[in-house]
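*Asks:* here's my sequence, what's the structure:
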Amino acid sequence: MMGAWFTAREKGVEETQDLIQAAQAILDIQQQAIADNDGELFFSIQDDDSDWFVAQLLPENQDVNRSGLNITNAEEHGESIWANAIWQEEGGEFQRILFFEWRAGQLRQISTDPNYWGTTLQIEADWGALAYYAVDDPWAATIANYVNDVVVDVCARGCLENRLPFTIEIRDDYTETAEPNRIHMPSPRLLGLNAKGEPSSRFWRQLSKRIEKYLTPATIRFAVPPPRARDGQTLFPYDNLAQQFMALNPEIRIELVHLESLSEENISTLALEFDGAAIPPTEAMLAAGQVHDLTDYINSDPDFDKADFYEQIWQGTLWRERTWFMPEAAEMQVLFYDRVAYSRAEYLEPSSRWTWDEMAQDVSSIVGDQQESSDLAWGFLDVGLDSLLSYAYNWNNQCMEAATIFCQSPLKTENIAAALDWYAQMAGQPGQMPDLSDQLADGLSRTQMLAMGSLFDDERQVMLLLNFQGSQRKAAVWVDSPVNYEFNLLLSPVGVVSFPGSDRFDGITPLWVRGSFISQQSERPLAVWRWLNFLSYQSPTPRFIPARPSVAAEMAYWTVLPRPLDDVMRTTFPFARPVTIEEQGMLTWEQVTAVLSGASSPQEAAQNRTKVQWFALDRE
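*Replies:* Residues are numbered from 1 along each chain as shown. All right, here's what the predicted structure looks like:
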C-alpha cells in the first residue's frame, strides 16, 4: 500500500524538480502522520536506525515536523538525495539539511550520508577543543570564539573549574554523551540555519545552554512514589540516599518530591513536572516523547557497568531496541498452596516442574473432595493478571533453550487469546476460581500498578486478597508476593511453588522490573543520570530482586530468604520473563470482563488494545 505514494526508481528521477517533489511527498506524509499521532506510519518511511528513531521523538524535532518542512533544493548523489528544507518558527524562517535514499524502488528518509560531511577536523582553544566535520569549517572559528565568550561569562559568575578543559564535538546526529569533559552538539545544519544560510539562533541558544549546564552545579527535582499502603515501604529510603549522593556529588542537589498517590492521570504528567521519577515509564509516555533515552549515556559513561545486571531484568527496560529507564530491582509473584488441603485430599503437593494441566486437576478436585470437611471455597485465586500472563508466555512455547532470556518470542494476540480462554473456562465455576473482573476492571489493573511501582497503593486489591483468603473464602492455590510469605504462613501451613509449565518447558513467571526514568524536558539530564546510576547500586526493600548481581551478593539476597521460598525463587528466576514496556498494555481486566460477559470472544478481546498516541507531547 505504501508504494503507491512514492515515485518508483525505474521511472527515472533526473530533474531537480522531480527530486524535490519526490522528497516533499515523504515530508507531507510525515507531517500528516505526526498530526494524526500515527507513529507507525511516520516511521515506516524513515531509516531503520535506532539513533534516528530517538531523534524524531525529541521535542524540538517534533515541533519542526509538525510545522511542516518544504524542500527548496535537492541533489542526487548516487542512491542518496541531499535536500534543503525550510520551515517557519518564532516568526522567522529556518532551513536544514535532509537526506533520502532509494531502496528497492522506494524513497525513504535516512539519518545521514557520511559523504556529505567530509573528514573530521579540530581547533584547539584556551577552554579546550572544538571537533567538527569539514562541511562546517566555514563557521568553526566563529563557533570556537562564541564558546570562549560563554565560558568566560559563566566562569565570571562561578563555574566548576574541574570541568575545564573540555571538548565540544559538532556532530552529524543528535546523540549525547556521558564521557567526562565532552559535550555533543548537533551541527547547525541539523538544528537550523537562518535565511542567510548561517547558524541560526536555534543553534547558538542550544550551544550556550549546554555549555552553561555543563559548567555549573545542578538542582534536580525527582519524584518518588507514595509509601506502600500495606508495609509502609518504598523501594528505597530515598531521603537517606539523596543525602549520601549529595555528599559524594556536591555539584548536584536532589530535591525529592514524595507523591501522595499514583493514578493514570498524574503518571502521564510526571515527565512534564519533574526531572525524573522513581517509577518505570509507560509506552504512552515514550511514544509521546516525554522520556529521555538512556542508551547514549549507557554506551559512553566509563563509570557505568552494564555487564553487572541480570539479563532478564535489563531486558525489561527496553523499547524499540533502546533503554528507557534505569533498572533497580524486580519482583515476581509465586504460587502459595494450602498444605492441609492437599494432605486431606491425599494429593501429592505440587512439584517445581508441574504443568498447567496438573494444576487444573488439583484446583478442580481438591475443593470438591473436601466440601464437607474444609472451609475451602475455591481451587485457585489470583487478584492480578500474573497467572494470565504466565499462561500466555507458556502457551505453545517452542523454546528449546535452557532459560527464557535466550528465547523470548514476542507476545502475540493468539497467546493473549489462549490465556483469556483459559481464564473464562475457570472463572466463576463452582470450586474453581472466583470471577473478580467486575471488581477490578473499573480501577487500575495490577499490570498498570506494577508498571507504576505501586502494587499495594490500591487498597481494594489488598482487601480482595485478604477476603478471599479469609477463613470463609479460602483457596487451595493462590498467587501472592514473596514479601507476604510470613503473613501467609501465620494463617495456615503453606507451601510455595512456581507457576506451572508444560511437559516440554518449565513455567514462565512474569517479572516486573522497577526503576527510574529521566524526563525529556529536564535541563540537567546528565545530573539525573548520575543519580540513577547511584540508585542502581543500592539495596532495595527485602524480597525485591536487586537488578545488579553485585548488589545481590553484597546483601546476601539469595541466602537470607526462608528456605522454602529461596528454593522456589532460585528455581524460578532463570525462567522469569520481564513484562516489557510494550506488553504491559496487551492484557487488561477490560479484556477479561469482555470475554466473561460474552461481549467479545477471546480472539476479539485479545485484539482490543488501546492505540498508542505518538507525538502527544504537551508542554503547557
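
*Asks:* what sits against the nearest residue to residue 523 once chain neighbours are set aside?
*Replies:* Once flanking residues are discounted, residue 523 sits nearest to residue 213: 6.2 Å by C-beta to C-beta, 6 or more residues apart in numbering. All C-beta spots, glycine's among them, are computed from the backbone N, C-alpha and C. Listed by C-beta atoms under 8 Å, 6 or more residues apart in numbering, the contact set of residue 213 reads 523-524, 526.

*Asks:* following the helix or strand containing residue 213, which helix or strand comes up?
*Replies:* In the assignment (DSSP states H and E), residue 213 maps to helix 201-215. As assigned by DSSP H and E, the chain's next helix or strand after helix 201-215 is strand 218-224.

*Asks:* next, the angle strand 218-224 makes with whatever helix or strand comes next after that following strand.
*Replies:* Where DSSP H and E defines the elements, the next helix or strand beyond strand 218-224 is helix 238-248. Taking axes from the mean of the first three to the mean of the last three C-alpha atoms, to 10 degrees, one finds helix 238-248 and strand 218-224 inclined to each other by 160 degrees.

*Asks:* packing partners for helix 238-248?
*Replies:* Counting contacts by 3 or more C-beta pairs under 8 Å, 6 or more residues apart in numbering; DSSP states H and E, helix 238-248 is packed against strand 218-224, strand 252-258, helix 525-535.

*Asks:* using PDB, list the CA coordinates for the last one.
*Replies:* Taking C-alpha atoms only, helix 525-535 is exported to PDB below (Å, rounded to 0.1, in the frame of the first residue of the first chain):
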ATOM      1  CA  PRO A 525      19.600  15.000  32.300                       C
ATOM      2  CA  LEU A 526      23.300  14.100  32.900                       C
ATOM      3  CA  ALA A 527      22.900  15.000  36.600                       C
ATOM      4  CA  VAL A 528      19.800  12.900  36.800                       C
ATOM      5  CA  TRP A 529      21.800  10.100  35.100                       C
ATOM      6  CA  ARG A 530      24.400  10.200  37.800                       C
ATOM      7  CA  TRP A 531      21.700   9.900  40.400                       C
ATOM      8  CA  LEU A 532      20.100   6.900  38.700                       C
ATOM      9  CA  ASN A 533      23.400   5.100  38.300                       C
ATOM     10  CA  PHE A 534      23.900   5.600  42.100                       C
ATOM     11  CA  LEU A 535      20.400   4.200  42.900                       C
END
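
*Asks:* just to revisit the earlier point, in a markdown table, list the helices and strands packed on helix 238-248 along with distance to residue 108, mean neighbour count and mean pLDDT.
*Replies:* Compiled in a markdown table, the helices and strands packed on helix 238-248 are given as follows (distance: least, C-beta to C-beta, whole Å; neighbours: other C-beta atoms under 10 Å; pLDDT from 0 to 100):
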| stretch | distance to residue 108 | mean neighbour count | mean pLDDT |
| --- | --- | --- | --- |
| strand 218-224 | 38 | 21 | 97 |
| strand 252-258 | 42 | 16 | 96 |
| helix 525-535 | 30 | 22 | 98 |
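
*Asks:* can you say which of the ones you listed is nearest to residue 126?
*Replies:* Proximity to residue 126 (C-beta to C-beta) singles out helix 525-535 among those, at 23.6 Å.

*Asks:* gap between the helix or strand just after the closest one and the chain center?
*Replies:* The element immediately downstream of helix 525-535 (helix or strand, assigned by DSSP H and E) is strand 545-546. When C-alpha coordinates are averaged (C-alpha atoms, centre = their mean, to the nearest Å), strand 545-546 and its chain have centres 18 Å apart.

*Asks:* contacts for strand 545-546, please.
*Replies:* Counting by C-beta under 8 Å, 6+ apart, 310, 313, 328-332, 539-540, 552, 555, 557, 569, 573 sit against strand 545-546.

*Asks:* show me which of these are buried.
*Replies:* Buried members of the contacts of strand 545-546, scored by 16 or more other C-beta atoms under 10 Å, are 310, 313, 328-332, 539-540, 552, 557, 569, 573.

*Asks:* just the closest of the residues you listed to residue 63, please.
*Replies:* Distance to residue 63 across the buried ones among the contacts of strand 545-546 (C-beta to C-beta) is lowest for residue 328, with 32.9 Å.

*Asks:* got a list of what the closest one touches?
*Replies:* Here residue 328 is in contact with 235-236, 514-516, 535-536, 538, 540, 546-547 (C-beta under 8 Å, 6+ apart).

*Asks:* correct me if wrong: residue 318 contacts residue 580.
*Replies:* Yes - using C-beta atoms under 8 Å, residue 318 is in contact with residue 580, at 6.8 Å.

*Asks:* surely residue 147 touches residue 125?
*Replies:* Yes - counting by C-beta under 8 Å, residue 147 sits close enough to residue 125 to count as a contact (7.1 Å).

*Asks:* between the two, which is the more surrounded one?
*Replies:* residue 147 (23 against 17; other C-beta atoms under 10 Å).

*Asks:* could you look up the SS state of that one?
*Replies:* helix (DSSP: H, G, I helix; E, B strand; the rest coil).

*Asks:* list the contacts of the nearest residue to residue 493 once chain neighbours are set aside.
*Replies:* Once flanking residues are discounted, residue 493 sits nearest to residue 339: 4.4 Å by C-beta to C-beta, 6+ apart. By C-beta under 8 Å, 6+ apart, residue 339 lies in contact with 349, 492-495.

*Asks:* from residue 103, how far off is residue 339?
*Replies:* 63 Å (C-beta to C-beta, to the nearest Å).

*Asks:* where does the stretch 501-620 of the chain have low pLDDT?
*Replies:* Scanning the stretch 501-620 of the chain for pLDDT under 70 picks out 617-620.

*Asks:* so which residues of it form helices?
*Replies:* 525-535, 549-554, 557-560, 563-572, 589-596, 602-607 (DSSP state H, counting those that start in this stretch).

*Asks:* now the ones you listed in TSV, with distance to residue 192?
*Replies:* Formatted as TSV, these follow (distance: least, C-beta to C-beta, whole Å):
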stretch	distance to residue 192
helix 525-535	21
helix 549-554	44
helix 557-560	51
helix 563-572	53
helix 589-596	44
helix 602-607	42
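
*Asks:* hmm, back to that, which one of the contacts of strand 545-546 is nearest to residue 487?
*Replies:* residue 331 (15.8 Å).
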